[in-house]
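> No sequence on hand, only this structure:
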Ligand code: SF4
Ligand code: SF4
């Protein structure tokens, strides 16, 4: 690590009598999964660089309840949601950014009717607006001429119609954005959604992540860009399964930007 | 004597429309077996969606070939049916081509009907080839065996026969017009059916009149039979696509409904002041213990049941479904067909028992849809996006999962572990909540 990252918590902020502009919702993957933690850090470095006034909940954060809800356990979901809402409302949170489309979807769409209404954005949307406001700049050099294909996370794309923000970021890298045959509205799932991440798949003739990785590899990419920690895991496994680790990398859009900046 | 054809026509017309109406009544009753749900907000958006998706066929053209052909058949079929209005008036009042007085407008109308009829025949032929010669994969999943397969073809045959009868009728009529037969006033333009003239020329006038009349009668009877066939067929979508797109969900696709019954319980649980043994307040009815989720069609809401009747079995959902594509048992189309078949079964049960449902020991879950199918879904919404008539197979899958988990605790073991972790440590993995910020210093 080049220099220490600054990650204030809401509790610390509150003690100092400050309210940050935005809460970074890290999510369970971003907190615990080794691969996803790298994404979290890349994003934090960008936040630091752009001098964004943010904080995290730290140990006060808890699962949004998404995997419970998609499994059908509405009871557990709502218990999680209401606990989180109490914390969020306690801190008078107005705006949330998260690098996980599942957290994004749940916080944005399913919390309001339970009493938690916030402006929720995905980190690709947030980064895009930092660039537009000039708070962050990218030198494209490092990725110049690289072929990058973007895998649409279901809960960002179809679920919430966000297709352009991640693509706009990739294009800023001077990279060649190549699309898979199934993209945007017709993007194929990585296989992890609906709590599939936590169980073995049902019997079939192929794993979904392999099917999707094959579609990605068809575009002859140098990098498969993802915008979701679950997709990242599934596609990384897929690339390994296809023996392509040497030639194709799976990276989060935030990591691409942070790398371009040598952060 | 002269009135016999008119009386006969009136009887056929009444019988045709009457039987259709009685089936529609049943359909409405069955749909109303579903749970209440309010889908009347945001009316302007709803009308716009209906215009765009049902009338404008917006989702059909996502697949250009099938979409284009479908638009032809659809436009052709609707527009040519303007002709049916003339046929009905002629039939009831004993007139012949009553709109002929419209002159050149009439010529234009008949001329365009003929061209459309021809295009319909061409398109339907291509559709038939796709189903039976090319054997497109999406028409050959296991749920398409038997009746659904025949149904798909019967509809195509119906359409070709109706169009051919229409053209034959016009061809014979035109030949009679050319020959100056009485009653056959010069009217209409016949760009397609004029091709029949060389064939018909040498027939005697009386033979031609028989051909013309026979085609006329078969055409209108055919239309009435087809109308009544709808109820038993996926072709019902030509009517139900309209209400179905109107009542469709307007929220972001990722937003699943929050069960209100659960909210109440959770609030009680989390409220330290609540007295769980409190008597219901005065005037409040003590409710029946809520059932969470759905195990049978009557647990679903009425829009989901309308969805089931609207499904055109096109399989676009299934062909986009990641689970179906990778050989899992789940097929979102089958979810819809099963729901409809079970609902029909419940309806027939009620018909046989004076309108009351008598327990038949069956339900949608297990007898039709297995847990294995339900657990294969990634909730990716590809099926919802793909459906040309705004059906959500996913919402049914979710409601059934809810039943499995909340009523039967029948989730796969790994999911139970995951949920245990969420409950105890606030994360789907067995990590301690107090370690949530450790990444910062790693
Ligand atoms: S939501 Fe479920 S049923 Fe629908 S396409 Fe995705 S995996 Fe298949
Ligand atoms: S649910 Fe929609 S997409 Fe699927 S078969 Fe029925 S009509 Fe076609």
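Yep, it's here. Bear in mind that the values here come from a model prediction, so they are computed numbers and not experimental data. Ligands and ions are numbered 1, 2, ... in the order given.
> List the contacts of the residue nearest to residue A:119 when sequence neighbours are not counted.
Leaving aside its sequence neighbours, residue A:119 sits nearest to residue A:95 (CB to CB, 6 or more residues apart in numbering or on different chains; 4.5 Å). In this view, the C-beta of every residue, glycine as well, is placed from N, C-alpha and C. Residues touching residue A:95, when contacts are defined by CB atoms under 8 Å, 6 or more residues apart in numbering or on different chains, comprise A:21, A:22, A:23, A:118, A:119, A:120, A:121.
> try it again with 7 Å
A:21, A:22, A:23, A:118, A:119 (CB atoms under 7 Å, 6 or more residues apart in numbering or on different chains).
> is it possible to export the residues you listed to JSON lines including neighbour count, distance to ligand 1 and pLDDT?
As requested, the contacts of residue A:95 are arranged in JSON lines below (neighbours: other CB atoms under 10 Å in any protein chain shown; distance: CB to the nearest ligand atom, whole Å; pLDDT from 0 to 100):
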{"residue": "A:21", "neighbour count": "11", "distance to ligand 1": "36", "pLDDT": "96"}
{"residue": "A:22", "neighbour count": "19", "distance to ligand 1": "31", "pLDDT": "97"}
{"residue": "A:23", "neighbour count": "25", "distance to ligand 1": "30", "pLDDT": "98"}
{"residue": "A:118", "neighbour count": "19", "distance to ligand 1": "26", "pLDDT": "97"}
{"residue": "A:119", "neighbour count": "12", "distance to ligand 1": "27", "pLDDT": "98"}
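> State the pair within these that is farthest apart.
The two members of the contacts of residue A:95 with the most space between them (CB to CB) are A:21 and A:118, at 12.5 Å.
> Show only the entries of the contacts of residue A:95 found in strands.
Secondary structure from DSSP state E places A:22, A:23, A:119 of those in strands.
> nearest to chain B, of the residues you listed?
Distance to chain B across these (CB to the nearest CB) is lowest for residue A:23, with 13.8 Å.
> Okay, and the beta partners of that closest one?
Using DSSP bridges, the bridge partners assigned to residue A:23 are residue A:55, residue A:96.
> what does the stretch 1-150 of chain B put close to ligand 1?
Along the stretch 1-150 of chain B, not a single residue is adjacent to ligand 1 under the rule CB under 6 Å from any ligand atom.
> could you pull out the helices for the stretch 1-150 of chain B?
Under the criterion DSSP state H, counting those that start in this stretch, the stretch 1-150 of chain B contains helices at B:4-31, B:43-49, B:64-80, B:82-93, B:104-132, B:147-179.
> what do you get for the stretch 151-263 of chain A?
Read by DSSP H, counting those that start in this stretch, the stretch 151-263 of chain A holds these helices, from start to end of the chain: A:164-172, A:208-218, A:229-241, A:253-260.
> of the ones you listed, which approaches residue B:266 most closely?
If we rank the helices of the stretch 151-263 of chain A by CB to CB, the stretch that ends up nearest is helix A:229-241, at 26.2 Å.
> buried set for that closest one?
Judged by neighbour count (16 or more other CB atoms under 10 Å in any protein chain shown), helix A:229-241 contains these buried residues: A:229, A:230, A:231, A:232, A:233, A:234, A:235, A:236, A:237, A:238, A:239.
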